[in-house]
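# generate coordinates for the sequence data below:
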Amino acid sequence: MILGDIRNLDQEKHLYPSAVRRGLEYIMLHQLEDAPPGKYELESEEMFAIVQEYTTMPICGQQYESHYSYIDIQYLVSGMERIGWKRYDESLKISVNRLCEDDIQFYEDGFSLSETDKLSGKESWQREGSDLIMEPGLFAVFFPTDLHRPCGHVHRESRIRKIVIKIHRSLFMI
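All right, here's what the predicted structure looks like:
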């Protein structure tokens, strides 16, 4: 996972993989912030943008998701959003697998400790991941092993505008 601020792109772009750099530069150069909601092709089906508008929801009850074929750049244009993040763990149970149809799978909310974890004193914060508080100008890059839970409230319901760049894994040689 990468967290960054698009206002620092000129100084930091040399640190990002080429495909991520191209996606972020596309956002800046093509004024997608003002585009109507919908899908926009950047590099055929290998890289495209989705402009979204929605209202955030309480984080409880939402499920983590991941993708196999596409890496996400989630860039917040307006509003505030909480995105949960955690690393993939083989003990997680998949609740919905739509990788073949939509390149997305969801994970069960519950997470039970194994006997080994209980004995080792593994704390819940070590298992549950982190929350990213997204403000306008920030972006997060989620790779296939980065489970993420977008659309969450920060303090209260917020209307947000977001651009999601989907980058096919073939552009990363993964």
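# low-confidence ranges in this structure?
Applying pLDDT under 70 to the chain flags the ranges 110-128, 174.
# at 50 instead, please
111-119, 122-126 (pLDDT under 50).
# for the most centrally placed residue in the chain, list the residues it contacts.
Nearest residue to the geometric centre of the chain (CA atoms, centre = their mean): residue 142, 4.7 Å. By CB atoms under 8 Å, 6 or more residues apart in numbering, the residues touching residue 142 are 1, 66-67, 71-72, 74, 85, 148. No exception for glycine: its C-beta is placed from N, CA and C like everyone else's.
# now with 7 Å?
Residue 142 makes contact with 1, 71-72, 74, 148 under the criterion CB atoms under 7 Å, 6 or more residues apart in numbering.
# quickly note the distance from it to residue 49.
Distance of residue 142 to residue 49, computed by CB to CB, to the nearest Å: 15 Å.
# kindly report the same for residue 155.
For residue 155, the distance to residue 49 equals 28 Å [CB to CB].
# more neighbours: these two, which one.
Higher neighbour count among residue 155 and residue 49: residue 49, with 22 against 9, using other CB atoms under 10 Å.
# the more buried one: what secondary structure?
Three-state call for residue 49 (DSSP: H, G, I helix; E, B strand; the rest coil): strand.
# for it, give me its contacts.
Residue 49 touches 26, 32, 40, 42, 163-165, counting by CB under 7 Å, 6+ apart.
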